[in-house]
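Engineer: could you look at this predicted model? Sequence included:
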Amino acid sequence: MIIAMKAGVPAEDIANVVAKIESFGLSTVQMPGDDRIVVGIASSIPADVRESVTELMISLPGVDNVAQVSRSYKLASREFHAQNTVVNVKGVQVGGPEVVVMAGPCAIESRDQLFLAAEAVKAAGARVLRGGAFKPRTSPYAFQGLGIDGLKLLKEVGDATGMATITEVMDQHDVRAVMEHSDILQVGARNMQNFPLLVAIGKTRHPVLLKRGPSAGIDEWLLSAEYILNEGNPNVILCERGVHPLDRTYVRNTLDLSAVPVVKELSHLPIVVDPSHATGHSRYISAMSRAAVASGADGLIIEVHANPKAALCDGLQSLRPESFAKIMAEVKSIASAVGRK
Ligand code: PEP
Ligand code: MN
């Protein structure tokens, strides 16, 4: 349920609404709009009190209107929050007019490797440096990432280049350590429904990029976002990275680009696209990046490696710096054609 207050109401009217809701044992969330406050009831309202809560809310001073949120997710829904959410990552606005590009290696391998990639992607216009330290690998024998040492390198290179950073956190117990070293916490596709991890991230206020699970529907994905929002962290960025394909002969996953306009309709959260994991091949990144920006994505996350053949992870889909720079120029012209920066 959403209780929209009239513009410019005194604070005691809002406090009164909140107190009345809480007297039913329900929790509230407040969201400032353009010129007025919206109070939301985050918990689900038991059927036997729903009518009395609604009637009471309508009767309270300062209340403009009361509406029900029909979706299973509430805080992630556009019904709840009509305006686009903009997530501020160290001054970089994700979900605003700028198409924000995050780029860097799949995995952090060494200081030199990360510096080379960082300087190249920064020069080409990327705003956020990516690099995995905890890698979710299909095989236990594959390179698992440098762990804490990798996080330290990410922080060092991020600070030295002045770039914001993003890296994956796979375990709820690592959330603090990852937050201390990175500006965005990435929840990987395999962990989209790792609920203890989502709750732990929800208890922070750190920006988080929530990837869509390879077999997840859009409602399941938004319900995962809801776990984070429901703990009080509003800084959620969604990421479409391709879903399980019918055929792996040519691409690693199927990029579900229609998810972009669908999510824009259903939710106020920003959405970025990962054409690297979606296709699995560097030669398709250009087409899918352009298409993603044309479809309304708020950003891209792309894998770049100075020497893809030697990469310890995802070399096949990693772009060389020159190819990345070329794609950045192409994406820029698409962005301006669709009214973005
Ligand atoms: C990654 O970003 O390197 C990664 C493992 O992505 P995903 O979780 O989408 O597979
Ligand atoms: Mn990867």
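Structural biologist: It's in. Residues are numbered from 1 along each chain as shown. Ligands and ions are numbered 1, 2, ... in the order given.

Engineer: which residues of the stretch 101-250 of the chain lie near ligand 2?
Structural biologist: Residues of the stretch 101-250 of the chain lying near ligand 2 by Cβ under 5 Å from the ion: residue 106. Where C-beta positions appear, they are placed from N, C-alpha and C, glycine not excepted.

Engineer: and whichever residue of the stretch 101-250 of the chain sits closest to ligand 1, how many neighbours?
Structural biologist: Relative to ligand 1, the nearest point of the stretch 101-250 of the chain is residue 188 (3.0 Å; Cβ to the nearest ligand atom). A count of nearby residues for residue 188, using other Cβ atoms under 10 Å, gives 22.

Engineer: so residue 101 bridges to which residues?
Structural biologist: Here residue 101 sits in beta bridges with residue 300, going by DSSP bridges.

Engineer: ok, which stretches of the stretch 201-341 of the chain are strands?
Structural biologist: For the stretch 201-341 of the chain, the strands defined by DSSP state E, counting those that start in this stretch occupy 208-211, 236-240, 271-273, 299-303.

Engineer: just how off-centre is the second one within its chain?
Structural biologist: Centroid displacement of strand 236-240 relative to its chain, using Cα atoms, centre = their mean, to the nearest Å, is 3 Å.

Engineer: partners of that strand, with directions?
Structural biologist: In the sheet, strand 236-240 lines up with strand 208-211 (parallel), strand 271-273 (parallel) (DSSP bridges).

Engineer: could these go into a markdown table alongside mean pLDDT and mean neighbour count?
Structural biologist: Formatted as a markdown table, the strands paired with strand 236-240 follow (pLDDT from 0 to 100; neighbours: other Cβ atoms under 10 Å):
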| stretch | mean pLDDT | mean neighbour count |
| --- | --- | --- |
| strand 208-211 | 98 | 26 |
| strand 271-273 | 98 | 26 |
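
Engineer: okay, the ones you listed in JSON lines with distance to ligand 1 next?
Structural biologist: Conversion of these to JSON lines gives the following (distance: least, Cβ to the nearest ligand atom, whole Å):
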{"stretch": "strand 208-211", "distance to ligand 1": "5"}
{"stretch": "strand 271-273", "distance to ligand 1": "11"}
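
Engineer: poorly predicted segments of the stretch 1-150 of the chain, please.
Structural biologist: Applying pLDDT under 70 to the stretch 1-150 of the chain flags the ranges 32-34.

Engineer: mind running it again at 90?
Structural biologist: Applying pLDDT under 90 to the stretch 1-150 of the chain flags residues 1-2, 27-38, 40-47, 49-51, 67-72, 74, 79-82.
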